[in-house]
Structure formats: structure tokens, C-alpha cells
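All I have is the shape, not the residue letters:
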């Protein structure tokens, strides 16, 4: 497959996971639909893609994920009820999700890892570069990480990963990148990648977080990638292969992110995300922060 340079317009959001860490809440509700304040987590991710100029969104789903499609579709009965009540504010909020982007869906079928989920997007993406956003990572809209990554991809070609420096004790939870300086602040060349290494084997403390901008040559590489850690096809392994190549399609760069990131795949971090985002809301923040201070003071006195 020959890659051609083009303005990136398509985003792929893998959303086929079972959400077992949130059971029993996710027994009948997709984890992506768990609310973060008053919007499902997945809507924040789609809004991020749209803010970066990606108007075409493909979700990779699985069984029991129909609520995702319903959320981004029109709900005419609800809209009619709100219209009759003259509740324009809630009506606008209900319509917001269905007006965000052009949404598409494809089922992954067998859950064979992130690499396989990305490979499912090939018929939709074709030979153009595209973005991948993992739904467990929420990036604060004040920190336009994805827009920076798209600009880096347009400048250098190849693929781009988002990197964040983490505590060495936590690197086993991520893919870890070996990097070289490029001379551009916040942008590095990735020379190697290891999926979830032990601290002693990690090439660095720079962890790959859930944002990627990929050259379409990744599809051919994924087709040849053998199952890796956990018996799954790992996107990290395919990107490692590309990082070892010398051609333009094989270049892998990293954008080092120092902004605000919320991990909604972890129960404790999910709760922290809700508290942080609620505190920063103009409509909720003042009262909520006052209550939170009172609650913390009472806990400290006990």
C-alpha cells in the first residue's frame, strides 16, 4: 500500500472493551457511557477529535455497545418532549452529541487487541493518515494535544505517538519509548517501543498514552504482526517495527505531553476526573468546591 500525504480528517475510536474493572456498573452499560459529570466519557473523546478538525469518526465496537450508537443519534421523542416544554437549554444539549460529527461504526468481532481493532478501520480509512483516540484517556480541551500531533505528522510524515513522562514504578502499565531529540521542543524521534515492560527493561520513563496519528502503512504492518503480550495483536509492536524502518512511512515521532490528562479506565482516576472537571465548571464549581472543602476539613478532624 502506498501512502499519500493528505490533510487528516478521520478519527478512529476503539470502543469494544468489556470494562471489567467497573463491574457491575458495566454489566449492561458500556464503560464508554459512564458519566463524567453530566456527559458520557466517550463524548469528551469525540469532542476532542472534532476540535482538532476531524469531522469523520469511526468507532470500533462490539457486542452490547448499541448505546454508543444511540447516544450519537437523534432522539426524536425526547427532542419533541423538550420542544413542547420550551426547554431550549436541555434540547440544545441533547442535540449536541448527534450534531458533533459524521459517525460510523464497525464491530471488531473477536477482541484480539488494540492492533486488531485499528486494523478493522482499514476499509474506512483507506490510504490516508488518520488519528486514533483511546476512550480511557480524556485530554483537557485547554491542552490541544491532538492538534499538535497532527501538525507534527504533517511536518515529518510517518506516525506520531503521544508520550508522557511517568514514575518508573508505573511504566509497566504502558508502552515505553526509546527516544532521540529532534531539535524541536516537545517533539522527539522514537527509535524503539516496548509494550508494558518491567521497570528494569524499560527503555525510558516516557509512556505512550492513548493518542496516535498514524500513517496508513501501519495496516500492512499490523497484518504481519504476531500476537504479543496477552496473546493480542499489539499496536505498540507494529509501531516498533515501523520505528526501525528508514523510509518516510516508517518514521515514528513522539509529542511529549505535559498537560492535563484524566484516566477514566481506572476507578480511582475516574473519580478524580469527575471531581476535577466538576470543580472547573462555572455552573457547578463554586458550590461544589465549597462543599468539597467542608467535607475534607471534616474528614481531617476525625
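Looks like it arrived, so ask away. It should be emphasised that the depicted structure is a prediction, and the values quoted were computed from it without experimental measurement.

What segments of the stretch 151-300 of the chain are strands?
159-165, 175-181, 187-195, 206-214, 252-256, 261-263 (DSSP state E, counting those that start in this stretch).

Which of the residues in the third one are classified as buried?
When burial is assessed from 16 or more other CB atoms under 10 Å, strand 187-195 yields the following buried residues: 187, 188, 189, 190, 193, 194, 195. Yep, even glycine has a C-beta here, placed from its N, CA and C like the rest.

quick revisit: and residue 223, which of the strands of the stretch 151-300 of the chain is closest to it?
strand 206-214 (14.1 Å; CB to CB).

And the residue nearest the centre of the protein?
residue 134 (2.5 Å; CA atoms, centre = their mean).

Output the below-cut-off pLDDT ranges for the stretch 101-250 of the chain.
Where the stretch 101-250 of the chain drops to pLDDT under 70, the residues are 246-249.

can you tell me which residues contact the residue nearest to the centre of the chain?
Each residue near residue 134 by CB atoms under 8 Å, 6 or more residues apart in numbering is listed here: 13, 14, 45, 114, 210, 211.

Show the backbone phi and psi for it.
phi -90, psi 130 (degrees, to the nearest 10).

For residue 142, see how far away it is.
20 Å (CB to CB, to the nearest Å).

again, but for residue 190
Distance from residue 190 to residue 142, by CB to CB: 26 Å.

What about the nearest residue to residue 121 once chain neighbours are set aside, how many residues nearby?
The shortest distance from residue 121 to any non-neighbouring residue, by CB to CB, 6 or more residues apart in numbering, is to residue 12 (4.4 Å). The local packing of residue 12 (other CB atoms under 10 Å) involves 28 other residues.

Give the helix, strand or coil label for residue 12.
strand (DSSP: H, G, I helix; E, B strand; the rest coil).

From residue 139, how far off is it?
16 Å.

Same question for residue 293.
Going from residue 293 to residue 139 by CB to CB gives 27 Å.

out of those two, which sits in the more crowded spot?
Between residue 293 and residue 139, residue 139 has the larger neighbour count (other CB under 10 Å), namely 23 against 10.

nearest residue to that one other than its sequence neighbours?
residue 145 (5.1 Å).
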